[in-house]
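Colleague: Sequence and predicted structure are below.
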Amino acid sequence: MIDLATIKRAHMVGIGGVGMSALAHALHDCRIEVTGSDIRDGERVARLRSLGIPVAIGHAASNVDSPNLVVHTSAIKPDNMELRTARQLGIPVIHRSELLASFIAGKRAVAVAGTHGKTTTTAMLANILVDAAWDPTILLGGKSLDFGDNYRFGASDLVIFEADESDASFHQYRNCSQIVTNVEADHLDVHGDLATVRQVFADFIELGDPNGFLIYGSDCPQLPSLFHHCPGVARSFALDDTGAYYCATDITTDGCRTVARLSVGGREVGVLTLAAPGRHYVADALAALGMAHSLGIPVETSLDSLAGFSGTGRRFELIYSSEQLRIYDDYAHHPTEVKAALEGARDAYPDAHMTVVFQPHLPSRARFFLDDFARAFSKADAVIVNSIYAAREDPIPGFTGRQLADRISECEPTKPVRYLPDQSALLEYLLARIADEELLIFIGAGDINEVSRTLAARLEPAVD
């Protein structure tokens, strides 16, 4: 583990990533000089530059200018010229997770993990703790719409952060209280199969704080057999498992407002209200409330905070609204997430014509879950598939988004499905028929939000 007190200057390769940019801000607040590089500009890079952090666009050996430490993410390949240069110069090179583990060392920490729902759950817990005046530091895997960033500095010793299972790097985080929202097959390019994914989470749970808590989703078939690995106190949350410690029942949706009855320890204690549609948001809220309650925050405080929760960027985020049309961004990139997002959207807008623009994320995920993705769009009236966002992967020869579009058509022959791989052509297509649209949802974890934001900017009036 790195002693951050010995670090005067850190260089971060891939600094514009959501996790890296939050850590860069945290190091800056620790009075460590930070530099960075990334392959593209963007909002997070601009935010870091506004703090005085220099960010180079493009990777070059010259970017490694005498730091004490070089940090990278899993998206940066081992032969990256900046990593090679640092090693040749004898500069320590570490993964982002090692830096985060060093940052939380000696602090009270809550790690939020799970295949789905990490960012929203973390943001909800952050809001509860802030509203309760606990003043936590927050490192978020998305932009909080309440505090306007993916990072918040707190004066207390409490840190709330997301723990990423994609490469098992969350095994770096020891002696934390933990939330595990759910466990499902994903990142099979790394883990291979569900059995390995289960073991990765079991090993993570074993690393928890013996004096802390595990809040886990007992509706998930995988988790009831894993919570026994917890060295501390384990408490369950659920929508369907009525024996769960934190349980929501009688869930109803009225537009974009969701209401449920809340029980804690088998006793009904109040009504949970959220300004978001979908059962998955109720589950996220239960996880956040459960951890807050276990840490000592009254349930009533959490319910009040959750009622005012504004959401996170690209999680069913309304970016345009007029009398005729609403446009949303959503980050869903797994079949389960896509299905949940569209079920929530249909609950909110039962009669609206819904067109979904989907950008698959990672070639391996799109191919592994091709049939599951094809069945995930049943609530949509029309689907447009964009090209696969490769991110850290190389394209798979002969496999494109067209295969997904064709498979959706095979599953639902009467549903209009188009494959539009070029984003400029996609934008023009949507503009040409915008008068016929009522509900337009852009889904994906890549850069499809650039199309949605451009489209929204071309229309009036825009959402503030």
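Modeller: On my side now, so go ahead. Note that this is a predicted model, so its numbers are computed, not measured.

Colleague: And residue 112, how far from residue 173?
Modeller: Per Cβ to Cβ, to the nearest Å, residue 112 is found 11 Å from residue 173. C-beta coordinates here come from the backbone N, C-alpha and C atoms, glycine included.

Colleague: all helices of the stretch 1-150 of the chain, in order?
Modeller: Along the stretch 1-150 of the chain, the segments classed as helices by DSSP state H, counting those that start in this stretch run 18-29, 43-50, 81-88, 96-104, 118-131.

Colleague: buried set for the helix or strand of the chain with the lowest mean pLDDT?
Modeller: Least confident helix or strand of the chain, by mean pLDDT, DSSP states H and E, is helix 188-191 with a mean of 94. Neighbour-count burial for helix 188-191, with 16 or more other Cβ atoms under 10 Å as criterion, is recorded at 188-189, 191.

Colleague: and for residue 112 and residue 173, which residues touch both?
Modeller: Common contacts of residue 112 and residue 173, defined by Cβ atoms under 8 Å, 6 or more residues apart in numbering, comprise residue 163.

Colleague: between these two, who's got more neighbours?
Modeller: For residue 112 versus residue 173, the count of surrounding residues by other Cβ atoms under 10 Å is larger for residue 112: 32 against 22.

Colleague: My read is that that one contacts residue 160, right?
Modeller: Yes - assessed by Cβ atoms under 8 Å, residue 112 is found in contact with residue 160 at 7.1 Å.

Colleague: Look up the residues that both of those two are in contact with.
Modeller: Residues touching both residue 112 and residue 160 (Cβ under 8 Å, 6+ apart) are 122, 125.

Colleague: can the helices of the stretch 1-150 of the chain go into JSON lines with extra columns for mean neighbour count?
Modeller: Listed next are the helices of the stretch 1-150 of the chain as JSON lines, based on neighbours: other Cβ atoms under 10 Å:
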{"stretch": "helix 18-29", "mean neighbour count": "22"}
{"stretch": "helix 43-50", "mean neighbour count": "16"}
{"stretch": "helix 81-88", "mean neighbour count": "17"}
{"stretch": "helix 96-104", "mean neighbour count": "22"}
{"stretch": "helix 118-131", "mean neighbour count": "27"}
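
Colleague: Now tabulate those helices in JSON lines and tack on distance to residue 352.
Modeller: Shown next, in JSON lines, are those (distance: least, Cβ to Cβ, whole Å):
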{"stretch": "helix 18-29", "distance to residue 352": "31"}
{"stretch": "helix 43-50", "distance to residue 352": "29"}
{"stretch": "helix 81-88", "distance to residue 352": "48"}
{"stretch": "helix 96-104", "distance to residue 352": "41"}
{"stretch": "helix 118-131", "distance to residue 352": "23"}
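
Colleague: mind putting those in a markdown table, mean pLDDT and distance to residue 385 included?
Modeller: Shown next, in a markdown table, are the helices of the stretch 1-150 of the chain (pLDDT from 0 to 100; distance: least, Cβ to Cβ, whole Å):
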| stretch | mean pLDDT | distance to residue 385 |
| --- | --- | --- |
| helix 18-29 | 98 | 25 |
| helix 43-50 | 97 | 26 |
| helix 81-88 | 98 | 35 |
| helix 96-104 | 98 | 31 |
| helix 118-131 | 98 | 24 |
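
Colleague: among the ones you listed, which is nearest residue 426?
Modeller: For residue 426, the closest of the helices of the stretch 1-150 of the chain is helix 43-50, at 21.2 Å, according to Cβ to Cβ.

Colleague: From residue 324, how far off is residue 305?
Modeller: Counting by Cβ to Cβ, the gap from residue 305 to residue 324 is 34 Å.

Colleague: of these two, who's got more company?
Modeller: Using other Cβ under 10 Å as the criterion, residue 305 and residue 324 rank with residue 305 on top: 24 against 10.

Colleague: The one helix or strand that one maps to versus helix 118-131: what angle between them?
Modeller: Taking DSSP states H and E as the definition, one finds residue 305 inside helix 299-307. Orientation of helix 299-307 against helix 118-131 (axes from the mean of the first three to the mean of the last three Cα atoms, to 10 degrees) gives an angle of 120 degrees.

Colleague: Skip the chain neighbours and tell me the closest residue to residue 265.
Modeller: residue 245 (5.9 Å; Cβ to Cβ, 6 or more residues apart in numbering).

Colleague: scratch that, residue 69
Modeller: Sequence neighbours aside, residue 10 is the residue nearest to residue 69 in space, at 4.6 Å (criterion: Cβ to Cβ, 6+ apart).

Colleague: between the buried residues of helix 188-191, which is closest to residue 252?
Modeller: residue 188 (36.2 Å).

Colleague: need the contact list for the most centrally placed residue in the chain.
Modeller: Ranked by distance to the mean C-alpha position of the chain (Cα atoms, centre = their mean), the top residue is residue 119 at 4.1 Å. By Cβ under 8 Å, 6+ apart, the contact list for residue 119 reads 140-142, 162, 312, 315, 331.

Colleague: Which of these fall within strands?
Modeller: Counting by DSSP state E, those place residue 162 in strands.

Colleague: and the contacts of residue 119 as TSV, adding distance to residue 26 and pLDDT?
Modeller: Putting these into TSV (distance: Cβ to Cβ, whole Å; pLDDT from 0 to 100) gives the following:
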residue	distance to residue 26	pLDDT
140	12	98
141	14	96
142	16	96
162	13	98
312	19	97
315	23	97
331	23	98
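
Colleague: tell me the angle of the helix ranked longest in the chain relative to helix 118-131?
Modeller: The residue-count maximum for a helix in the chain (DSSP state H) belongs to helix 279-295. Put simply, helix 279-295 runs at 40 degrees to helix 118-131, going by the same axes, to 10 degrees.

Colleague: Let me see the mean pLDDT of helix 279-295.
Modeller: Across helix 279-295, pLDDT averages out at 98.

Colleague: quick check, distance from that helix to the centre of its chain.
Modeller: Put simply, helix 279-295 sits 16 Å off its chain's centre (Cα atoms, centre = their mean, to the nearest Å).

Colleague: What of stretch 56-65?
Modeller: Relative to the centre of its chain, stretch 56-65 is centred 28 Å away, using Cα atoms, centre = their mean.

Colleague: And the average pLDDT for that stretch is what?
Modeller: For stretch 56-65, mean pLDDT rounds to 97.

Colleague: now the end-to-end length of it.
Modeller: End-to-end distance for stretch 56-65: 12 Å, by Cα to Cα, to the nearest Å.

Colleague: Not counting its own residues, what contacts that stretch?
Modeller: For stretch 56-65, contacts defined as Cβ under 8 Å, 6+ apart pick out 11, 13, 35-41, 45, 70, 80-82, 84-86, 89, 91.

Colleague: same question, stretch 277-284
Modeller: The contact list for stretch 277-284, computed with Cβ under 8 Å, 6+ apart, reads 116-117, 120-121, 124, 181-182, 217, 219, 237-239, 248, 251, 253, 255-258, 260, 272, 274, 316, 337, 340-341, 343-345, 347-348.

Colleague: try stretch 447-455
Modeller: 314, 319-320, 327, 329, 357-359, 386, 389, 423, 426-427, 430-431, 434, 440, 442.

Colleague: Could you tell me which of those residues are located in helices?
Modeller: 423, 426-427, 430-431.

Colleague: What pLDDT is listed against the closest residue in space to residue 16 that isn't next to it in sequence?
Modeller: What sits nearest to residue 16 in space, not counting adjacent residues and going by Cβ to Cβ, 6+ apart, is residue 38, at 3.8 Å. For residue 38, the pLDDT comes out at 97.
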